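[1] Need a 3D model of the sequence below.
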Amino acid sequence: MIIRKAQAGDLPAIVDIYNEAVLHTVATFDTVPRTLEQQEAWFKQHGDAYPVIVAEQDGTVVGWASLNQYSDRLAYARTSELSLYIHAGHRGQGTGKKLLEAVLAAGREAGLHTVLSRIVEGNDSSIHIHHVYGFETVGTMRQVGFKFGRALDVILLQKML
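    Presented below is the predicted three-dimensional model:
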């Protein structure tokens, strides 16, 4: 497996992986799949300050992670929010750990100070991996999401780089 900085040519795979999560999981609270054009605009917003990393296996992108701008308010410029998604057929194989490690290193190198992560209640494996990599639980946002007929809590985690 190769872990590397994402390129524009990776966007179709990134959007496919994300849209699978939109349609079939509560890992994201998006309810409408994204278009390639939307993902291209998202990618352009990242630049050097907010890294996007992919995991490639046998020439195919099987997962991705990004550090996203947390807020457009200037005082938050060194704070980011983590996104991490793995192709359904490649979950549970350590890809998430490798991506998390790489994106945190890239964030540190980019000069970021704080990484936030919002994880839906019940996603114990994701919460565990975050704790392994030094994230601390800082709170629970009660019933802030509604998807697949359920009100969902979100666990907020934070890591200082």
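[2] From the structure, what's the count of residues near residue 43?
    For residue 43, the tally of surrounding residues (other CB atoms under 10 Å) stands at 18. C-beta coordinates here come from the backbone N, C-alpha and C atoms, glycine included.
[3] Torsion angles phi and psi at residue 62?
    Main-chain torsions, residue 62, degrees, to the nearest 10: phi -110, psi 0.
[4] what's across from the closest residue to residue 70 other than its chain neighbours in the sheet?
    Here the nearest residue to residue 70 in space, its sequence neighbours aside, is residue 79; by CB to CB, 6 or more residues apart in numbering that works out to 4.3 Å. Assessed by DSSP bridges, residue 79 has beta-bridge partners residue 114.
[5] confidence score at residue 79?
    Residue 79 carries a pLDDT score of 97 in this model.
[6] just the one 3 residues further on next, same as before
    For residue 82, the pLDDT comes out at 98.
[7] List the buried residues for stretch 72-83?
    Buried positions in stretch 72-83, judged by neighbour count with 16 or more other CB atoms under 10 Å: 79-83.
[8] Check the offset of that stretch from the chain's centre.
    14 Å (CA atoms, centre = their mean, to the nearest Å).
[9] now do the same end-to-end measure for it.
    In stretch 72-83, first residue to last residue: 17 Å (CA to CA, to the nearest Å).
[10] Nothing else from me, thank you.
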